[in-house]
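Peer 1: Sequence first, then the predicted structure:
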Amino acid sequence: MATSACFRAFLLIAALSVSVFGVPTADTSGMRVPLTIREPASKVANVDRLLKNIERVKSKYGRGGDFSRTSSLRRRGAQPITDDNGSPTGVISIGTPPQKLTVLFDTGSPDLWVTSSTCNNDWCNQLTGARFDVSASSTAQKHAGTFNATYGGGESAVGPIYTDEVTVGGVTIKDQYFSPATDQVGFTGDTVGILGLSLASISDLKQPPFLQHAVQEGLIQSGVLGVRLAGAASEAFIGGTNPALYTGPIEAHAIDPSNGFWQAPGGTAKVGGKAAVTNVSAIIDTGTAGIVGPPEQVARFWAAVPGAQEDAGEGVWTYPCDADVAVAFSWGGKDWALSADDLNGGDLGDGTCFGNIFAVDLQFGDNVWILGSNFLNGVYAVFSLDDMTVGFAMPK
């Protein structure tokens with residue numbers, strides 16, 4: 001069977017049940033940051049785009065192990081990190097005077113880095129967005145050491161370590177650590193870096209991420225990030241939540257911080273209202289365009305979907321496009337439904353569609369999933385450093 005046919009998919013599922021519930025009080029004192037979402041122009045299956053998304057996940061979470069010998073995709077080399085894959089980008093500013101830069105807002109990584117104006121490799125030369133000019137900032141301070149983030153798919157960012165004024169949504173930190181990368185592999189277009197919003201324990205800079213630093217400096221009243229992914233209405237809300245974008249209570253769940261992510265354990269993935277997979281530990285990640293899970297659990301999920309078939313034993317499934325498949329995730333409270341559009345990875349033209357769940361051994365354990373934008377499209381997500389929870393509310 002052709003290689004392209006073997007790798008047809010990438011996204012969906014995870015949920016949990018043994019959780020801590022809460023109803024955090026809405027804090028509207030935070031600052032709104034508009035986000036841009038690039039969506040595929042068509043629901044026709046695009047194998048190349050799906051390959052890039054799959055490669056991105058393996059690359060991003062390759063810190064947990066060496067994937068170089070486990071996938072034939074490795075010989076493709078690094079793939080663009082942001083494309084038409086649903087990843088949210090927004091504008092921040094760095095330096096004095098402030099330089100505006102477009103970055104990926106990523107709850108699945110901790111560090112801030114942007115491409116330097118001095119970068120001159122093939123990837124940097126494909127960038128259309130403004131890069132950071134260290135020499136033009138009067139407040140930039142260089143520190144000892146080198147930032148070196150390398151991922152399993154050949155993606156990387158390397159550069160010196162600096163502090164400077166960084167502003168996100170009107171919140172300004174005078175001495176935020178970051179790297180103006182002088183060598184990067186993986187970014188093209190107008191997106192020139194990453195604003196990491198996960199936990200400090202996995203920081204390559206060995207410094208607090210922006211949200212945590214803002215709390216430490218007393219710049220925001222609460223260590224909360226609210227996120228809504230909804231096309232033109234997408235936004236990040238720094239220091240609280242935006243009640244205009246959701247209704248009802250926030251269902252909060254205690255995270256397991258041991259891997260450094262917003263990881264909610266103890267969940268259930270449901271098909272047709274019945275549990276298909278239990279004991280799911282889900283990393284909630286705005287920077288991943290879809291969902292992946294461990295092979296054995298993903299196989300159990302698809303076994304509950306009528307007509308689903310694995311493609312050539314590669315951890316990828318197709319299913320009948322006209323199937324009425326009700327999928328939801330639960331952490332012991334509300335069932336958070338996945339829409340039919342978010343389950344469907346594209347029409348193959350023969351009555352079958354890609355299933356947006358791909359099996360990848362992340363080497364964090366046999367029950368760890370990454371739950372990205374295809375799940376987040378259907379919720380208002382709340383990431384709280386104050387009580388170390390991740391929560392969801394019904395979007396308006």
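Peer 2: Sure thing, it's come through.
Peer 1: any idea how far the spatially closest residue to residue 383 that is not a sequence neighbour is from residue 384?
Peer 2: Excluding its sequence neighbours, the residue lying closest to residue 383 (C-beta to C-beta, 6 or more residues apart in numbering) is residue 225, at 4.4 Å. Just so you know, the C-beta spots here come from the backbone N, C-alpha and C atoms, and that holds for glycine as well. Applying C-beta to C-beta, to the nearest Å, one obtains 8 Å for the distance of residue 225 from residue 384.
Peer 1: more crowded one of the two?
Peer 2: Comparing residue 225 with residue 384 by neighbour count (other C-beta atoms under 10 Å), the higher total belongs to residue 225, at 27 against 21.
Peer 1: Mind checking what secondary structure the more buried one has?
Peer 2: Look at residue 225: counting by DSSP: H, G, I helix; E, B strand; the rest coil, its state is strand.
Peer 1: What residues are bridge-paired with it?
Peer 2: Assessed by DSSP bridges, residue 225 has beta-bridge partners residue 238, residue 383.
Peer 1: how close does it get to residue 35?
Peer 2: For residue 225 relative to residue 35 (C-beta to C-beta), the value is 12 Å.
Peer 1: any shared contact partners between the two?
Peer 2: Taking C-beta atoms under 8 Å, 6 or more residues apart in numbering as the contact criterion, the common neighbours of residue 225 and residue 35 are residue 236.
Peer 1: What ranges does this structure have for its helices?
Peer 2: All helices of the chain, identified by DSSP state H, fall at 3-6, 47-60, 210-216, 295-303, 340-343, 373-376.
Peer 1: least reliable of these going by mean pLDDT?
Peer 2: Across the helices of the chain, the stretch with the lowest average pLDDT is helix 3-6; it has a mean of 34.
Peer 1: Work out which residue lies at the spatial centre of the chain.
Peer 2: residue 287 (2.1 Å; C-alpha atoms, centre = their mean).
Peer 1: doesn't residue 106 make contact with that one?
Peer 2: Yes - contact status for residue 287 versus residue 106: in contact at 3.3 Å, counting by C-beta atoms under 8 Å.
Peer 1: Send me stretch 224-243 as CSV with only the CA atoms.
Peer 2: Coordinates of the C-alpha atoms in stretch 224-243 are reproduced here as CSV (Å, rounded to 0.1, in the frame of the first residue of the first chain):
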residue,chain,number,x,y,z
VAL,A,224,-5.2,32.3,34.7
LEU,A,225,-5.2,32.0,30.9
GLY,A,226,-8.5,31.8,29.1
VAL,A,227,-8.5,30.5,25.5
ARG,A,228,-11.2,30.4,22.9
LEU,A,229,-10.5,29.0,19.4
ALA,A,230,-13.3,30.1,17.1
GLY,A,231,-12.1,31.5,13.8
ALA,A,232,-12.1,35.3,13.7
ALA,A,233,-13.4,35.4,17.3
SER,A,234,-10.4,33.5,18.7
GLU,A,235,-8.5,35.1,21.7
ALA,A,236,-6.2,34.5,24.6
PHE,A,237,-7.2,36.3,27.8
ILE,A,238,-4.2,36.9,30.1
GLY,A,239,-4.9,37.1,33.8
GLY,A,240,-8.5,35.8,33.9
THR,A,241,-11.4,34.7,31.7
ASN,A,242,-13.7,36.5,29.3
PRO,A,243,-17.3,35.7,30.3
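Peer 1: so for that stretch, what's the average pLDDT?
Peer 2: Computed over stretch 224-243, the average pLDDT equals 95.
Peer 1: ok, and for it, which residues are buried?
Peer 2: The neighbour-count check on stretch 224-243 (16 or more other C-beta atoms under 10 Å) flags 224-230, 234-243 as buried.
Peer 1: where does the stretch 251-396 of the chain dip in pLDDT?
Peer 2: Across the stretch 251-396 of the chain, the ranges flagged by pLDDT under 70 are 312-314.
Peer 1: ranges for the strands of it?
Peer 2: Using DSSP state E, counting those that start in this stretch, the strands found in the stretch 251-396 of the chain span residues 263-271, 274-284, 291-293, 309-310, 316-320, 327-330, 335-338, 344-347, 352-359, 368-371, 380-384, 389-395.
Peer 1: Thanks a lot, see you next time.
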